[in-house]
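Asker: Sequence first, predicted coordinates after that:
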Amino acid sequence: MFQKQIIMRRVLYSLTPIWALSVWLYGPRVVVLTAVSLALGVLTEYLYEKRRNGKVSEAVLVTATLFALSLPPAAPAWIAAVGIVFAVFTAKMIYGGFGRNIYNPAIAGRLFVYISFATVLGRSFTPAGNFGLGAGTLLGRPEVLSSATPLAVWRSGGTVPVLNLLTGLRDGSIGESSVLLILAAAVYLIWTKTASWRIIVSEVAAGGALALALHFAGVKAALPPASLLGGSFLFVAVFMGTDPVSAPKKPASHWIYGALIGITAIVIRTFSAFPEGTSFAVFVGNTFASMIDDFVAGRMNARKARAEAKAAAVPAGASPQGPGDAPAAGTGKEAAK
């Protein structure tokens, strides 16, 4: 039934610890949202592929899992259902299926539900460890933070312990859990050549540099540089910005692409009404991905053409040395006479 894709399977492996921690933090609701997303995501692609005798790609499992992890813990199941159907059908299948989509489907689905149902989802961030289970989670974990996300705390002038961001003991979307687990996933994906390290490094470096500059410049709306550890910045950088289908194909393009996403995310976070910005940033990056490839290819071709023209300008058999290096008169045979 499924088209085997080892790269997509590796992404699922790297997401498993993050998903398991989210179940521990937020309870069985995470299982429900993930199940709804997986079931309807696979069904949507199956129905589309059935009419042309195609197979369901394992990539849809990654899309559905990422989409579920991008939702708030208390998001209604019907929003998850609407969002994943939109993500798979509109952002992937109508372009021709796997490998032909311009935009990352999980990002497209996330943007669709966050814009369409902003009020509902804005009220769906619950304290980690307190989703309908009294004072604890599925395994009895006590409440660890208020229902305000780290970005909301920073915007209100508060502080968030860095240790909570590293371990995942703070509120936010389901997959924005432990920074340590996200970094471990990044190492695994880079080591297995599943994700581009250039995109991850350039996105974090460019975003961090801009956040630091705005902070020290005294921009009132600027969040502290530590805000890169909160929200979905790292989660999106590792899992969505590196999508091989919607990202540029040339390694040299990855530096520009990652920097564009990182800078755009910080600009949106700082100067717009949207507190996050990372999903919009990836959407912008996807839009310009092919243009970046064309730009890099043009520069490379121009450089190659200049090198070939320079080589062709030297006559065959002629020495590439300058006039000052030519043999002195009276040497050779005439000197022997």
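Answerer: Cool, the structure landed.

Asker: what's the following helix or strand after the host helix or strand of residue 181?
Answerer: Assigned by DSSP states H and E, residue 181 belongs to helix 179-191. As assigned by DSSP H and E, the chain's next helix or strand after helix 179-191 is helix 197-216.

Asker: excluding its backbone neighbours, what's nearest residue 75?
Answerer: Ranked by C-beta to C-beta, 6 or more residues apart in numbering and with sequence neighbours excluded, the top spatial neighbour of residue 75 is residue 124, at 4.7 Å. For every residue, glycine as well, the C-beta is placed using N, CA and C.

Asker: Just to be sure, that neighbour is in a strand?
Answerer: No. Counting by DSSP: H, G, I helix; E, B strand; the rest coil, residue 124 is not part of a strand but coil.

Asker: re the thing from before, remind me what the helix holding residue 181 packs against, helices and strands.
Answerer: Applying 3 or more C-beta pairs under 8 Å, 6 or more residues apart in numbering; DSSP states H and E, one finds that helix 179-191 contacts helix 6-26, helix 162-167, helix 197-216, helix 233-239.

Asker: Report all helices and strands that the shortest one contacts.
Answerer: The one in question is helix 162-167. Helix 162-167 packs on helix 179-191, going by 3+ C-beta pairs under 8 Å, 6+ apart.

Asker: quick one: contacts of the helix it packs on?
Answerer: 10-11, 13-15, 17-18, 21, 165-168, 194-195, 197, 200, 229, 234-235, 238-239, 242 (C-beta atoms under 8 Å, 6 or more residues apart in numbering).

Asker: Are any of those residues buried, and if so which?
Answerer: By neighbour count, with 16 or more other C-beta atoms under 10 Å, these hold 10-11, 14-15, 17-18, 21, 165-168, 194-195, 197, 200, 229, 234-235, 238-239, 242 as buried.

Asker: Please tell me I have it right and residue 172 contacts residue 231.
Answerer: Yes. The criterion here is C-beta atoms under 8 Å, and residue 172 meets it with residue 231 at 6.6 Å.

Asker: tell me, what's touching these two both at once?
Answerer: With contacts taken as C-beta under 8 Å, 6+ apart, the residues that reach both residue 172 and residue 231 are 149-151.

Asker: So which of these wins on neighbours?
Answerer: Highest neighbour count within the shared contacts of residue 172 and residue 231: residue 150, with 24 neighbours (other C-beta atoms under 10 Å).

Asker: What spatial separation is found between that one and residue 230?
Answerer: As for residue 150, its distance to residue 230 is 3 Å (criterion: C-beta to C-beta, to the nearest Å).

Asker: How about residue 96?
Answerer: According to C-beta to C-beta, residue 96 and residue 230 sit 37 Å apart.

Asker: ok, the two, which is more surrounded?
Answerer: Using other C-beta under 10 Å as the criterion, residue 96 and residue 230 rank with residue 230 on top: 26 against 9.

Asker: Quick check: the more buried one touching residue 154?
Answerer: Yes. Using C-beta under 8 Å, residue 230 makes contact with residue 154 at a distance of 7.3 Å.

Asker: any shared contact partners between the two?
Answerer: With C-beta under 8 Å, 6+ apart as the test, residue 230 and residue 154 both reach residue 160.

Asker: hang on, the earlier thing: would you turn the helices and strands packed on helix 179-191 into TSV with mean pLDDT and distance to residue 58?
Answerer: Formatted as TSV, those follow (pLDDT from 0 to 100; distance: least, C-beta to C-beta, whole Å):
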stretch	mean pLDDT	distance to residue 58
helix 6-26	93	4
helix 162-167	84	31
helix 197-216	95	21
helix 233-239	94	15
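
Asker: a markdown table for those helices, including distance to residue 248?
Answerer: Formatted as a markdown table, these follow (distance: least, C-beta to C-beta, whole Å):
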| stretch | distance to residue 248 |
| --- | --- |
| helix 6-26 | 17 |
| helix 162-167 | 30 |
| helix 197-216 | 9 |
| helix 233-239 | 15 |
